[in-house]
Structures are given as structure tokens and as C-alpha cells.
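> Pasting the sequence and the predicted coordinates here, then a few questions.
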Amino acid sequence: MSFRTSKSARIALAIAFAGAAAISLTGASHAQGPGQGWFKVCTKQEDNDVCVVQNIIAASTGQLLTAVGLIMVEGKVNNRIMQVSVPSARNIQPGVSMQIDGGKAQRLPYSVCMPDKCVAQVPLTDAIVSSFKRGGEAVFTSVNFQGSPNPIPVSLQGFTSAFDGEPVAQSELQERQRLLQEEMQRKTQEARERLEAAQERAKQSN
């Protein structure tokens, strides 16, 4: 791997999930949440302009299920890659399978695994972008350490407008983050209340 590619990969990894806290999370049932869906964020990294079109699917607890990032680096370094992040404790050999609208599956090999996630990466081609724009749903499947496939559907609705449109303003990112924090606090409180109610019922039945 050349220095040029290595440097662009490092830049991409550094920015791929920058602002991820501001991306809306969806529950395990994929219910609508605040700001859910695809959006583009752009930033300056050294002598390069980096834009990422991304979408994150997470459980109601906040646990990552799947994150997709189409990363475009222009400037001193020029590179385009697609990264898909899934939870850790994955079976490495199968990689991540990407299937759009039930078509032929494409294997995305892992490039790195960290304590909180594993990242699969392939060059971002015009064919991938076109398939996302034409498609209705992409299913990303990883295999956990027990050998069980974990397919996660990601809607492609809104992808084209995010890819071709303007990046999200910093003020909107901050508002998304605020809404996210409020939503997570609400869900945490609801879970705590359900647990306390269950404990109270258990005491009364004894």
C-alpha cells in the first residue's frame, strides 16, 4: 500500500464517524427517530477537503448495529472509499455482505477491528453510488462469533439528495445531537421505570 493510500485511509478513518453522535439513532425495530437517515458532513483535514455521506442504525440502547459511510477525500490526497462498521466480536473471514434490493451480494472485507466496532472497507466506485441512488434498500450482513448472520436493512431513501446536496450545517448537527441526547435520556428513564415497576410487582407477589 502506498503512502498516498495509507494517508487517505487514515484521514478517512479519522473523519468517517466524526459527528456520529449527531446522527439519529434508530431502535432495533427501526422506528423513526429525530433526524434519521442519510446526510452529508464536510470538514477540512490538513490540506484536504473530506465529505462523508453517512447513515447509522443503532439499537434503542445506543449500541451500534450498522454504520455506512461514503467518504470522499480531495486535495493533497485524493481518495474515495466506502466503510461499513458493525459491532465487534465478528467472524472476520466472511466480512460484511452488501445486498441491494435482493440483488447479488458483494463482500466487503474488514480493514480494522477495534474494541467497539469492526470496519469493512472497499473503494467507492461510481457503480456503488449509482446502485445506492437507484436502490430502495441495502442489507448489510455480518456474522457474529457464534456463526450467526446478522442482517441489518438500511433504507436508501434520501440517499441521492444527501449525496448530491449541500452538507449539513454545524448548527443543525448540534441540534441533532441535542435531540439525540434528549431521546436517549427519555428511553433510559423509561427503561428504568419499567425495571422498577417489575421489581415492585415481584416484591408484592412474594
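Perfect, I can see it now.

> Mind listing residues that contact stretch 88-96?
84, 86, 107-110, 113-118, 120, 140-145, 147 (Cβ atoms under 8 Å, 6 or more residues apart in numbering). (C-beta placed from N, C-alpha, C; glycine too.)

> what's the distance between it and the middle of its chain?
The chain centre lies 16 Å from the centre of stretch 88-96; the measure is Cα atoms, centre = their mean, to the nearest Å.

> got it, and stretch 82-102?
For stretch 82-102, the gap between its own C-alpha mean and the chain's C-alpha mean amounts to 11 Å (Cα atoms, centre = their mean).

> For the residue nearest the centre of the chain, which residues are in contact?
Nearest to the geometric centre of the chain sits Ala67, at 1.4 Å (Cα atoms, centre = their mean). For Ala67, the contact set (Cβ under 8 Å, 6+ apart) comprises 17, 20, 54-57, 83-86, 117.

> top of these by neighbour count?
Of all those, the most densely surrounded is Ser85 (28 neighbours; neighbours counted as other Cβ atoms under 10 Å).

> Could you measure from that one over to Gly165?
23 Å (Cβ to Cβ, to the nearest Å).

> With Val119 instead?
Relative to Gly165, Val119 is positioned 26 Å away (criterion: Cβ to Cβ).

> higher neighbour count, these two?
Set side by side, Val119 and Gly165 show unequal neighbour counts under other Cβ under 10 Å, the larger going to Val119 at 21 against 13.

> For that one, give the beta-bridge partners.
Note on Val119: beta-bridge partners by DSSP bridges are Ser85, Val112.

> per-residue confidence at it?
Val119 carries a pLDDT value of 93.

> cool, Ser171 as well?
Model confidence at Ser171, expressed as pLDDT, equals 71.

> following the helix or strand bottoming out on mean pLDDT in the chain, which helix or strand shows up next?
Scoring the helices and strands of the chain by mean pLDDT, DSSP states H and E places helix 3-15 at the bottom, with a mean of 50. With elements assigned by DSSP states H and E, the helix or strand that comes after helix 3-15 is strand 39-45.

> Partner strands of that next one, with direction?
Here strand 39-45 is paired, per DSSP bridges, with strand 48-58 (antiparallel).

> If you count residues, where's the longest helix of this protein?
Taking DSSP state H as the criterion, the chain has its longest helix at helix 170-205.

> Would you mind getting the angle between that one and strand 48-58?
20 degrees (axes from the mean of the first three to the mean of the last three Cα atoms, to 10 degrees).

> Check what pLDDT Gln106 gets.
The predicted structure scores Gln106 at 96 on the pLDDT scale.

> What residues does Trp38 make contact with?
The contact partners of Trp38, taken as Cβ under 8 Å, 6+ apart, are 53-55, 156, 158-159, 161-163.
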